[in-house]
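K.L.:
kindly generate the corresponding structure for this input.
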Amino acid sequence: MKMFKIFLYNLLFFILLVSLVQGNREDPNVTNDWGIPNTEENNNVSEKNSTEEVWKLIEEGEYESSKDILKELINKNNENPEAWNLLGYIERQIQNFNKSLKYYNKALLLNPDYIPAHHYIAITYLEIGNLERAKHHLDKLDLLCLFGCEEFYNLEDAIAMYEKNNG
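P.N.:
Presented below is the predicted three-dimensional model:
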């Protein structure tokens with residue numbers, strides 16, 4: 001009987017704890033009981049919306065408009081690896097390989113495990129004929145993508161094609 005009471009007390013405590021957690025999750029813009037807005041979360045949503053807009057502009061070939069949005073994002077938060085990576089992508093598209101490498105390296109400095117930057121910097125190295133550096137990033141992707149990922153397989157195919165075409 002005593003064990004049953006302990007079980008019931010634990011169950012009630014657990015239910016109370018879960019209800020408190022759920023109650024605090026109702027408004028994702030509030031971080032505490034005083035109603036203070038979660039500006040970091042709002043900034044992340046804003047950055048995500050901006051990068052989605054950038055991808056649409058890139059697909060339309062609007063590189064300068066894309067760069068303007070990204071530079072504005074970076075002015076607000078210069079520790080955003082996605083923004084630096086996208087800047088690198090744009091510069092690669094317009095054949096500014098040195099700037100592209102600089103931006104990809106900045107993204108990787110901020111987040112050494114950022115898979116898209118490893119992928120795109122390796123593609124850039126292939127485009128400028130530096131197979132060894134491309135393979136270095138393929139090895140990094142192999143470690144980061146434990147069970148494989150699209151970026152790894154895409155880069156592996158690109159390197160195989162490069163080796164086939166360049167002896």
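
K.L.:
quick one: low-confidence parts of the chain?
P.N.:
Applying pLDDT under 70 to the predicted model, the residue ranges of the chain that meet it are 4, 7-14, 16-48.

K.L.:
at 90 what do you get?
P.N.:
Flagging of the chain using pLDDT under 90 yields the residue ranges 1-51, 146-148, 167.

K.L.:
list the buried residues of stretch 156-164.
P.N.:
Neighbour-count burial for stretch 156-164, counted by 16 or more other C-beta atoms under 10 Å, picks out 156, 158-159, 162. Just so you know, the C-beta spots here come from the backbone N, C-alpha and C atoms, and that holds for glycine as well.

K.L.:
er, stretch 92-108 I mean
P.N.:
92, 97, 100-101, 103-104, 106-108.

K.L.:
so what's the residue nearest to residue 119 when sequence neighbours are not counted up against?
P.N.:
By the measure of C-beta to C-beta, 6 or more residues apart in numbering, the closest residue to residue 119 outside its immediate chain neighbours is residue 151, 3.8 Å from it. When contacts are counted by C-beta atoms under 8 Å, 6 or more residues apart in numbering, residue 151 touches 115-116, 118-119, 141, 145.

K.L.:
do residue 117 as well
P.N.:
By C-beta under 8 Å, 6+ apart, the contact list for residue 117 reads 81, 84-85, 88, 104, 107-108, 111.

K.L.:
all helices of this structure, in order?
P.N.:
Listed in chain order, the helices found in the chain under DSSP state H are 2-24, 39-59, 63-76, 81-93, 97-110, 115-127, 131-144, 150-165.

K.L.:
what comes into contact with the third one?
P.N.:
Going back to what we said before, that points to helix 63-76. Residues outside helix 63-76 that contact it (C-beta under 8 Å, 6+ apart): 43, 47, 50-51, 53-54, 57-58, 80, 83-84, 86-87, 90, 93-94.

K.L.:
chain center to that helix: distance?
P.N.:
With C-alpha atoms, centre = their mean, to the nearest Å as the basis, helix 63-76 stands 17 Å off its chain's centre.

K.L.:
dump it to PDB, keeping only the CA atoms.
P.N.:
Output in PDB follows, covering the C-alpha atoms of helix 63-76 (Å, rounded to 0.1, in the frame of the first residue of the first chain):
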ATOM      1  CA  TYR A  63      21.800  38.600 -57.000                       C
ATOM      2  CA  GLU A  64      22.300  42.300 -56.000                       C
ATOM      3  CA  SER A  65      18.900  42.400 -54.200                       C
ATOM      4  CA  SER A  66      19.800  39.200 -52.400                       C
ATOM      5  CA  LYS A  67      23.200  40.500 -51.400                       C
ATOM      6  CA  ASP A  68      21.500  43.700 -50.000                       C
ATOM      7  CA  ILE A  69      19.200  41.600 -47.800                       C
ATOM      8  CA  LEU A  70      22.000  39.400 -46.600                       C
ATOM      9  CA  LYS A  71      24.200  42.400 -45.700                       C
ATOM     10  CA  GLU A  72      21.400  43.900 -43.800                       C
ATOM     11  CA  LEU A  73      20.900  40.600 -41.900                       C
ATOM     12  CA  ILE A  74      24.700  40.400 -41.200                       C
ATOM     13  CA  ASN A  75      24.600  44.000 -39.900                       C
ATOM     14  CA  LYS A  76      22.000  42.900 -37.400                       C
END
